[in-house]
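*Asks:* Attaching a predicted model along with its sequence, questions to come.
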Amino acid sequence: MATIYEVAALAGVSPATVSRVFNGTKVSDEKVKLVRDAAAQLSFTPNRTARTLRKQNSEIIALVIPDIENPYFTEMARGVEDVAQEAGFSVVLCNTDSQLSKESVYLQIALSEHMAGVILAPASDHTNLDDVIARGRPVVAVDRSTGYDIDGVMMANRPAGQSAAESLFQAGYRRIACITGPREIETAYERAQGWRGIVVRHELFPDPERYLRYSTFGVEGGRAAMTELLELPEPPDSVVAANNLLGVGALQVLTERGLTPPNVGVAVVGGLPFTTLPPSAVTVVRLPARHMGVTAARMLIERITGDDQPARTIVLRNEIAPARPAGGASF
């Protein structure tokens, strides 16, 4: 089934113009003809129910994320905004602090304000979308799945954890620890499972749990977990940080103790938002956060304008920027 983006490209107009044509908003006769001719060529037919619902709603999208201070989510938000603006939508940013109570309030606001749709990074695996779905609002999940039959855009989380751990192994490290977020959060668990797979594959040590720490997905969580790991009788010689802020916290502790890379190897899933170390000192598994936002926004707008195909999930691949080979760990 063709999308409004394909119709817009063929007609030589913006997606917003295509949307206006099919929703009865005033557009020049010339552009109406271009759009309708392109739609006919592509067999594009907007869903009537979706069109009726759209007319009852505002041209506003709710973007609900767990941590507005995390650059990963702000980068994703930029991608959402770029696509939404092009299609004639505004974006309202809602920060839940990973709290289900705040998330529930924002979802109810999205309904009461007749917002056209929701892009949601769930606060936990207990996110409740019953009311939103019952009211016919399209929802696209990002970064984390919801358990509902809705569209989603995810990262390849287990491969990201594998890439981070494997890069440290190839650099010569053997006691590779992992600091990740809360166990109940899908991204945290899956990235830790990727790390675990490398530990088992290379038979690095018999008990992976010894060097695994679940924490909060924040700087203080990284600091606390790194401190605990360094106090082990046999501390790790390297660490995988399962998100960017955990990486910052771990590096802060290592720097304070004079153990900066390559003395202790560090691999971070997600780009480091701030560090005084040279980029070549730390392995970074880059996550395409902005592309996630772009993809999610396009999927949502397609739903708003009538796409009724079965729900689909898109998984985005990561890229790795390895650090220099290790010079050996020292304590």
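*Replies:* Alright, I've got the coordinates.

*Asks:* Am I right that I133 is in a helix?
*Replies:* Yes: assessed with DSSP: H, G, I helix; E, B strand; the rest coil, I133 lies in a helix.

*Asks:* gap between it and V140?
*Replies:* 12 Å (CB to CB, to the nearest Å). Backbone N, C-alpha and C define where each C-beta goes, glycine included.

*Asks:* So for these two, which residue has more residues nearby?
*Replies:* V140 (27 against 15; other CB atoms under 10 Å).

*Asks:* Run a quick check on that one versus G152, I expect a contact.
*Replies:* Yes: using CB atoms under 8 Å, V140 makes contact with G152 at a distance of 6.6 Å.

*Asks:* Show me what the helix or strand harbouring L111 is in contact with.
*Replies:* L111 belongs to helix 100-112 when assigned by DSSP states H and E. Helix 100-112 has contacts (CB atoms under 8 Å, 6 or more residues apart in numbering) with 62, 64, 94-96, 118, 120, 122-124, 126-129, 131-132, 135, 137.

*Asks:* If any of those residues are buried, give me the PyMOL selection for them.
*Replies:* Buried subset of these, written as a PyMOL selection, criterion 16 or more other CB atoms under 10 Å:
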select buried, resi 62+64+94+95+96+118+120+122+123+124+127+129+132+137
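
*Asks:* Strands - which of the contacts of helix 100-112 land there?
*Replies:* Members of these lying in strands (criterion: DSSP state E): 62, 64, 94-95, 118, 120.

*Asks:* Quickly name whichever of these is closest to E6.
*Replies:* V118 (24.1 Å; CB to CB).

*Asks:* Look up the pLDDT of the closest one for me, please.
*Replies:* We have a pLDDT of 97 for V118.

*Asks:* Make sure it is actually in contact with I65.
*Replies:* No: counting by CB under 8 Å, V118 stays clear of I65, with 11.3 Å between them.

*Asks:* ok, the most centrally placed residue in the chain - contacts?
*Replies:* Computing the C-alpha centroid of the chain and ranking residues by CA atoms, centre = their mean puts D143 first, at 3.5 Å. By CB under 8 Å, 6+ apart, the contact list for D143 reads 76, 121, 153-155, 187, 292.

*Asks:* Kindly reformat those residues as CSV containing secondary structure.
*Replies:* Shown next, in CSV, are those (three-state DSSP):
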residue, secondary structure
M76, helix
A121, coil
V153, strand
M154, strand
M155, strand
T187, helix
M292, helix
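
*Asks:* Dump those residues into CSV; add neighbour count, distance to A171 and pLDDT as well.
*Replies:* Formatted as CSV, the contacts of D143 follow (neighbours: other CB atoms under 10 Å; distance: CB to CB, whole Å; pLDDT from 0 to 100):
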residue, neighbour count, distance to A171, pLDDT
M76, 29, 30, 96
A121, 26, 32, 96
V153, 27, 31, 98
M154, 18, 28, 97
M155, 25, 23, 96
T187, 26, 24, 94
M292, 25, 28, 97
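
*Asks:* ok, these vs T305, which is closest?
*Replies:* V153 (18.1 Å).

*Asks:* Contact partners for that closest one?
*Replies:* V153 touches 140-143, 292, 295-296, 299, 313-314, 316, counting by CB under 8 Å, 6+ apart.

*Asks:* show me where pLDDT drops low in the stretch 1-150 of the chain?
*Replies:* Within the stretch 1-150 of the chain, the segments meeting pLDDT under 70 span 1-2, 23-26, 45-57.

*Asks:* could you redo the last one with a cut-off of 90?
*Replies:* Along the stretch 1-150 of the chain, the model assigns pLDDT under 90 to residues 1-59, 86-88, 124-125, 147.

*Asks:* how about the helices in it?
*Replies:* 4-11, 15-22, 29-42, 48-56, 71-86, 100-112, 130-134 (DSSP state H, counting those that start in this stretch).

*Asks:* and among those, the most buried is which?
*Replies:* helix 15-22 (a mean of 24; mean count of other CB atoms under 10 Å).

*Asks:* Show me what that one is packed against.
*Replies:* In this structure, helix 15-22 packs against helix 4-11, helix 29-42, with contacts taken as 3 or more CB pairs under 8 Å, 6 or more residues apart in numbering; DSSP states H and E.
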